[in-house]
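> show me the folded form of this:
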Amino acid sequence: MSTRRAAGILLHPTSLPGPHGCGDLGPAADAFVDFLEAAGQTIWQVLPLGPTGYGDSPYQCFSAFGGNPLLVDLAVLADEGLLTEAEARGPAADDARVDYGAVLDFKLPALARAAAAFREKAPPAERVAFASFCVANAAWLDDLAHFLALKAAHGGKPWVEWDPALGARRPEAMLRSRQELAREVEDRQVAQFLFFRQWAALRAHCRALGVRVMGDVPIFVAHDSADVWAHPELFKLGADGRPLVQAGVPPDYFSATGQLWGNPIYRWDAMAKDGFAWWAARFRSAFALFDLVRLDHFRGFEAHWEVPGEDETAENGAWVKGPGRALFDALSRTLGPLPIVAENLGVITPEVEALRERYRFPGMAVLQFAFSGDPLTNTFLPHHYTRDLVVYTGTHDNDTTVGWWTAGVGDTTRTADDVQAERDFAARYLGSDGREIHWDLVRAALASVADTAIVPLQDVLGLGAEARMNVPSREHGNWCWRFREGDLTDASRDRLRGLAETYGRVARREAAP
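Okay, the predicted model is just below:
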């Protein structure tokens, strides 16, 4: 990674405003990039961009390689003649929350109509571009499109509940279903083509304004995904296809019973036999989409928390060694330098830090974690930072800063006295009276020695717990927050830019003559 000082904003595209019930890659995305540039921000961090499944979580996607069709801007499709204006006009929707069910019910049929129009009247150059896209991405696209078509044909059930011959991918059943569902499979391929074309246009706009995009690669994939269905030999599954063990983390700051994610665990020994080719393909795909990649749950590559497959909490687990150096040595040989930020939060051991430091991956620090414990040992406090670090006020898993400041104990391992002591120390450390606690943390992040400072947009806007993006281990109600048209004010733009200039994270603009 570059060692230049930089500042950026964390915002997932679903949180953008717009007329279709969910943020997308259309004009609001371009306008947000314009705001970033004007505010002196040179990084836009997003969450995983894959097609979301159960719980609408971008960390539980149907594919580790595909794009989320809900992010396709339908207005562009209308301009291209693939939809009528009426077809591209969504139903009235709450502009502050995403109702994923309603968005799916509207947008997926609209994309199917666009795919039908594409088949009928796309110009030759577009047909060639689509065919080239399908060939270039066949290694994952064919499986994903077939998986989604089969999932729809089975009423949305997970693949372990399909016709057993299809769940087990028996050749004769696969060939028959591929022929029977040819139209539905191609619909999904067209949707992916449209997503990647629009993402490429947005990336070009970012590059033109000097904004780098930081993406996110989750360590694990969803069990109900094309990845596991197509490659069951790479995962610890039983004869019925269900996980023998599942991923999570033990009780922590976020939850007294731990976080049970439910993802299957990799068979690292099987992956090592071909030099971790699946991981090389995954990172090659990510590096094509993003300038930088945040590698989620980095500590799991050294050792991960395995929970029995039948358990309902993450309390009864054990640490099991991961691939460690073998994986990253193989990736470095195959891909060269790895522009990775290691999410090294949670239970971090010397072995985890040694692995991160060996490859010079910047780690993370979260200011909301800084004000508990001993000031001599709490490394989230800015006086402990090194330059090779990415500092956050909070992450997508945290409450907003205002919500954190005003919250009680909640479902955590802390006591009421712990919360009050944390708040008192934060006020002393920051020199804050709490009235603008969000800006106090933003200033502390940007003023720190860390080369990179990232702030969730909710903290720029000073929003409370109602704008929280995710409550770990909560099954429903996450990932829904959106900001509204008009929320990005000149005042917040200028305040952000002033801090970025003051702390050397962007070149100071010359005053107009």
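> what about the strands in the stretch 401-513 of the chain?
Here the stretch 401-513 of the chain has its strands, by DSSP state E, counting those that start in this stretch, at 452-456.
> wait, isn't Val442 in contact with Tyr392?
No. With contact defined as Cβ atoms under 8 Å, Val442 and Tyr392 do not form a contacting pair (10.4 Å). (Glycine included, C-beta is placed from N, CA and C.)
> who has more neighbours, these two?
Set Val442 next to Tyr392 and count neighbours by other Cβ atoms under 10 Å: Tyr392 wins out with 27 against 23.
> contacts only, for that one.
Leu10, Met364, Ala365, Val366, Leu367, Ala445, Ala453, Ile454, Val455, Pro456 (Cβ atoms under 8 Å, 6 or more residues apart in numbering).
> what is the neighbour count of Ala326?
Burial of Ala326 is recorded as 15 neighbouring residues (other Cβ under 10 Å).
> an error on my part: the question was meant for Asp34.
15.
> what packs against the helix or strand that it is a member of?
According to DSSP states H and E, Asp34 maps onto helix 27-38. Contacts defined by 3 or more Cβ pairs under 8 Å, 6 or more residues apart in numbering; DSSP states H and E place helix 27-38 against strand 43-45, helix 182-208, helix 490-502.
> swap the cut-off to 10 Å and go again
In terms of contact count using 3 or more Cβ pairs under 10 Å, 6 or more residues apart in numbering; DSSP states H and E, helix 27-38 is assigned the packing partners strand 6-10, strand 43-45, helix 182-208, helix 457-461, helix 490-502.
> what sits against Lys431?
Just so we're on the same page, residue 431 is Gly rather than Lys. Shown in contact with Gly431 (Cβ atoms under 10 Å, 6 or more residues apart in numbering): Asp440, Arg443, Ala444.
> does the first one touch Ser432 like I think?
Yes. Applying Cβ atoms under 10 Å, one finds Asp440 in contact with Ser432, separated by 4.3 Å.
> can you count the residues close to Leu345?
22.
> so it: helix, strand or coil?
Put simply, Leu345 is coil when judged by DSSP: H, G, I helix; E, B strand; the rest coil.
> need phi/psi at Trp319.
Backbone geometry at Trp319, expressed as degrees, to the nearest 10, gives phi -80, psi 130.
> just list whatever residues bridge to it.
Trp305 (DSSP bridges).
> list the contacts for it?
Pro250, Arg299, Gly300, Glu302, Ala303, His304, Trp305, Glu306, Val347, Thr349.
> neighbours of Arg97, just the number please.
Using other Cβ under 10 Å: Arg97 sits among 15 other residues.
> so what's it closest to, chain neighbours aside?
Cys480 (4.7 Å; Cβ to Cβ, 6 or more residues apart in numbering).
> list the contacts of that neighbour.
With contact taken as Cβ under 10 Å, 6+ apart, Cys480 is in contact with 14-15, 22, 56, 94, 96-100, 467-470.
> so what pLDDT did Gly90 get?
Note on Gly90: pLDDT of 80.
> can you give me the helices for the stretch 201-350 of the chain?
226-230, 268-272, 277-289, 325-335, 350-358 (DSSP state H, counting those that start in this stretch).
> right, and those - which one's nearest Val341?
For the helices of the stretch 201-350 of the chain, the distance to Val341 is smallest for helix 350-358, at 9.9 Å, taking Cβ to Cβ.
> how about that closest one: buried residues?
The neighbour-count check on helix 350-358 (16 or more other Cβ atoms under 10 Å) flags Val352, Leu355, Arg356 as buried.
> can you give me the neighbour number for Leu181?
19.
> Asp94 too?
There are 11 residues near Asp94, going by other Cβ under 10 Å.
> that older thread, need the buried residues of helix 350-358 in JSON lines (columns: distance to Ala31 and pLDDT).
Below are the buried residues of helix 350-358 laid out as JSON lines (distance: Cβ to Cβ, whole Å; pLDDT from 0 to 100):
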{"residue": "Val352", "distance to Ala31": "39", "pLDDT": "97"}
{"residue": "Leu355", "distance to Ala31": "40", "pLDDT": "98"}
{"residue": "Arg356", "distance to Ala31": "36", "pLDDT": "97"}
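> out of those, who's nearest Glu161?
Val352 (37.1 Å).
> verify the stated contact: the closest one with Lys321.
No. Assessed by Cβ under 10 Å, Val352 is found out of contact with Lys321, at 11.6 Å.
> what touches both of the two?
What both Val352 and Lys321 touch, as defined by Cβ under 10 Å, 6+ apart, is the set Phe301, Glu302, Ala303.
> can you pull the contacts of the last one?
What that stands for is Ala303. Ala303 touches Ala318, Trp319, Val320, Lys321, Gly322, Gly324, Val347, Thr349, Glu351, Val352, counting by Cβ under 10 Å, 6+ apart.
> name the nearest residue to it, sequence neighbours excluded.
Per Cβ to Cβ, 6+ apart, closest to Ala303 is Trp319, 4.6 Å.
> now do His223 against Leu234, distance only.
The gap separating His223 from Leu234 is 12 Å, by Cβ to Cβ, to the nearest Å.
> I meant Val33, not that one.
Distance from Val33 to Leu234, counting by Cβ to Cβ: 37 Å.
> neighbours of His154, how many?
Neighbours of His154 (other Cβ under 10 Å): 15.
> going forward, count from 28.
Yes, from this point I'll number from 28; that puts the last item at His181.
> count of neighbours near the nearest residue to it once chain neighbours are set aside?
Once flanking residues are discounted, His181 sits nearest to Trp189: 4.9 Å by Cβ to Cβ, 6+ apart. Residues lying near Trp189 (other Cβ under 10 Å) number 21.
> ok, the one 3 residues further on next?
The burial count assigned to Ala192 is 14, neighbours taken as other Cβ under 10 Å.
> so it sits against Met201, correct?
Yes. Using Cβ under 10 Å, Ala192 is in contact with Met201, at 8.3 Å.
> where along the stretch 128-277 of the chain do the strands fall?
Going by DSSP E, counting those that start in this stretch, the stretch 128-277 of the chain shows strands at 239-244, 272-276.
> got JSON lines for the ones you listed, with distance to Arg535, mean pLDDT and mean neighbour count too?
Below are those laid out as JSON lines (distance: least, Cβ to Cβ, whole Å; pLDDT from 0 to 100; neighbours: other Cβ atoms under 10 Å):
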{"stretch": "strand 239-244", "distance to Arg535": "20", "mean pLDDT": "98", "mean neighbour count": "20"}
{"stretch": "strand 272-276", "distance to Arg535": "42", "mean pLDDT": "94", "mean neighbour count": "24"}
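> do you know which of those strands lies nearest Ala65?
strand 239-244 (16.2 Å).
> other SSEs contacting that closest one?
strand 33-37, strand 70-72, helix 209-235, helix 304-316, strand 319-322, strand 367-369.
> can those go into CSV with extra columns for mean neighbour count?
Shown next, in CSV, are the helices and strands packed on strand 239-244 (neighbours: other Cβ atoms under 10 Å):
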stretch, mean neighbour count
strand 33-37, 24
strand 70-72, 24
helix 209-235, 19
helix 304-316, 17
strand 319-322, 23
strand 367-369, 24
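> show the buried residues in the contacts of Trp346.
Looking at those with 16+ other Cβ under 10 Å, the buried ones turn out to be Pro277, Arg326, Gly327, Glu329, Ala330, His331, Trp332, Glu333.
> out of the helices of the stretch 228-377 of the chain, the one nearest Ala33 is which?
Nearest to Ala33, of those and by Cβ to Cβ, is helix 304-316 at 18.6 Å.
> what angle do the closest one and helix 352-362 make?
50 degrees (axes from the mean of the first three to the mean of the last three Cα atoms, to 10 degrees).
> ok so, going back, the more surrounded of Val60 and Leu261?
Val60 (21 against 18).
> ok, now how distant is that one from Cys233?
5 Å.
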